[in-house]
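Novice: this one's sequence-less:
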């Protein structure tokens, strides 16, 4: 089951490392760039980009999502209007 709805312009609702990873992978691939290129552009190691895209919980992601849940916040990710 996909973490994103089939509507291409609908934002991703981020509620877990898995849905965050799906959003990163979706927008990276639709931008036509590789993990290696994204890593180079952001200064983040490629293996970390890969771990994020595969939904691995990192301490930072876990903490941020816990704060959002505790405050009753919802995180949606969508492409910036161009």
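Specialist: Looks like it arrived, so ask away. Note that the coordinates shown come from a computational prediction; the quantities given were computed from them, not determined experimentally.
Novice: what segments of this structure are strands?
Specialist: 12-14, 75-77 (DSSP state E).
Novice: so what sits opposite the nearest residue to residue 23 once chain neighbours are set aside in the bridge?
Specialist: Of all residues not flanking residue 23 in the chain, residue 12 sits nearest, at 3.9 Å (C-beta to C-beta, 6 or more residues apart in numbering). The C-beta positions use only the backbone N, C-alpha and C, and glycine is treated the same way. Beta-bridge partners recorded for residue 12 (DSSP bridges): residue 77.
Novice: hang on, isn't residue 12 packed against residue 21?
Specialist: No - in this structure residue 12 lies outside contact range of residue 21 using C-beta atoms under 8 Å: 10.1 Å.
Novice: who touches the residue nearest to residue 46 when sequence neighbours are not counted in this structure?
Specialist: Among residues not flanking residue 46 along the chain, residue 39 sits closest, at 3.9 Å (C-beta to C-beta, 6+ apart). By C-beta atoms under 8 Å, 6 or more residues apart in numbering, the residues touching residue 39 are 45-46, 48-49.
Novice: and the strands of the chain, which is most packed in?
Specialist: Most buried of the strands of the chain by mean neighbour count (mean count of other C-beta atoms under 10 Å) is strand 12-14; its value is a mean of 19.
Novice: now for that one, which elements pack on it?
Specialist: Other elements packing on strand 12-14 under the criterion 3 or more C-beta pairs under 8 Å, 6 or more residues apart in numbering; DSSP states H and E are helix 17-30, strand 75-77.
Novice: give me whichever of those is most buried.
Specialist: By mean count of other C-beta under 10 Å, those have helix 17-30 as the most buried, with a mean of 18.
Novice: which other residues reach it?
Specialist: 2-4, 12-14, 35, 38, 49, 52-58, 61-62, 65, 77, 79.
Novice: pull out the buried members of these.
Specialist: 3-4, 12, 14, 35, 38, 49, 52-53, 55, 61, 65, 77 (16 or more other C-beta atoms under 10 Å).
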